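Colleague: next one to model:
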Amino acid sequence: MRLLVDDDAPATPLREEDRRRGQLDGGDYCAGHQSRQSRHVQTCDIPYHTLDETYRQYCRLATLRAANDRVANFIAQLPIFEYYSSDLGALFGAIDGQKFAAATPTAKARHSRKYFGRERGVVAFTSLTNHVATLTNLIGAHEHESHYVFDLCYHNTTDIASTIITGDMHSINKMNFAAMTAFNSVLLSQLNATNGREMRRRSRC
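Modeller: Here you go, the predicted structure:
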């Protein structure tokens, strides 16, 4: 995506970040949060009808993931990245799900009185390593998170490869322990102690 060279253009900060990280090479972006396509037409080389068609029809998951990979790889190359790790001998990764209410009904948006009340919603199941999101999958609120742990680790396309994966009890099943061991990774379960403190132990299948 080529942006105009005008220094007064609103896209100047975005262009500067792209020069350093190259995240815009992952795809074409037609709209930002609370902004109009007409403003984007003035700052890029994509015609208005193309932006409008893309905005109305779809948002490609592949291009968003490609852009995220570029940003994650850039952060991993920074000298400070290794200092965010809790263990210099291993790279820890955490997986957890975050619930979001859905504005419009979709196939994945399901009812969950515990999290959404009378509304519907989805779960953003995300893998984090040193505060960097490596991959996110949207799953239904009725689905068990443990069924998608291996997918998050196996389909990670960034240069950040966690050697130890941690997660809460929703991420635990016997198959995950066996699968992670087969791929030279370790899955740690998080246990809540009776005295209120959190303990982490290495679980073996």
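Colleague: wait, is residue 143 part of a helix?
Modeller: No - in this structure, residue 143 is coil, not part of a helix, as judged by DSSP: H, G, I helix; E, B strand; the rest coil.
Colleague: spatially nearest residue to it (excluding sequence neighbours)?
Modeller: Excluding the flanking residues, the one nearest residue 143 by C-beta to C-beta, 6 or more residues apart in numbering is residue 123, at 7.4 Å. Every residue, glycine included, has its C-beta placed from N, CA and C.
Colleague: partner strands of the strand or helix carrying the one you found and their direction?
Modeller: Using DSSP states H and E, residue 123 maps to strand 120-129. According to DSSP bridges, strand 120-129 forms sheet pairs with strand 92-101 (antiparallel), strand 110-111 (antiparallel), strand 132-140 (antiparallel).
Colleague: and the contacts of the second one?
Modeller: Right, strand 110-111. Applying C-beta atoms under 8 Å, 6 or more residues apart in numbering, the contact partners of strand 110-111 are 118, 119, 120, 121, 122, 140, 141, 142.
Colleague: picking that back up, of all the strands paired with strand 120-129, which one is nearest residue 171?
Modeller: strand 92-101 (5.7 Å; C-beta to C-beta).
Colleague: hmm, back to that, contacting residues for the residue nearest to residue 143?
Modeller: Contacts for residue 123 (C-beta under 8 Å, 6+ apart) come out as 97, 98, 99, 100, 138, 139, 140, 141, 143, 145.
Colleague: go again with 7 Å.
Modeller: 97, 98, 99, 139, 140, 141 (C-beta atoms under 7 Å, 6 or more residues apart in numbering).
Colleague: same deal with residue 176?
Modeller: Contacts for residue 176 (C-beta under 7 Å, 6+ apart) come out as 146, 149, 150, 187.
Colleague: helices or strands up against the longest helix seen in the chain?
Modeller: Criterion DSSP state H: the longest helix present in the chain is helix 61-76. The helices and strands touching helix 61-76, judged by 3 or more C-beta pairs under 7 Å, 6 or more residues apart in numbering; DSSP states H and E, are helix 12-21, strand 132-140.
Colleague: mean pLDDT for those: which is lowest?
Modeller: Ranked by mean pLDDT, those bottom out at helix 12-21, with a mean of 65.
Colleague: isn't residue 146 up against residue 167?
Modeller: No - distance between residue 146 and residue 167: 8.2 Å, which falls outside the contact criterion (C-beta atoms under 7 Å).
Colleague: show me which of those two is the more surrounded one.
Modeller: More crowded of residue 146 and residue 167, by other C-beta atoms under 10 Å: residue 167, with 23 against 18.
Colleague: which sections of the protein are below the confidence cut-off?
Modeller: Applying pLDDT under 70 to the chain flags the ranges 1-44, 53-60, 191-205.
Colleague: okay, buried residues for stretch 153-167 please.
Modeller: 153, 156, 158, 160, 162, 164, 165, 166, 167 (16 or more other C-beta atoms under 10 Å).
Colleague: that older thread, nearest to residue 180, of the strands paired with strand 120-129?
Modeller: strand 92-101 (10.8 Å).
Colleague: what's next to the closest one, contact-wise?
Modeller: 85-86, 115-116, 119, 121-129, 141, 145, 149, 152, 162, 164-168, 170-171.
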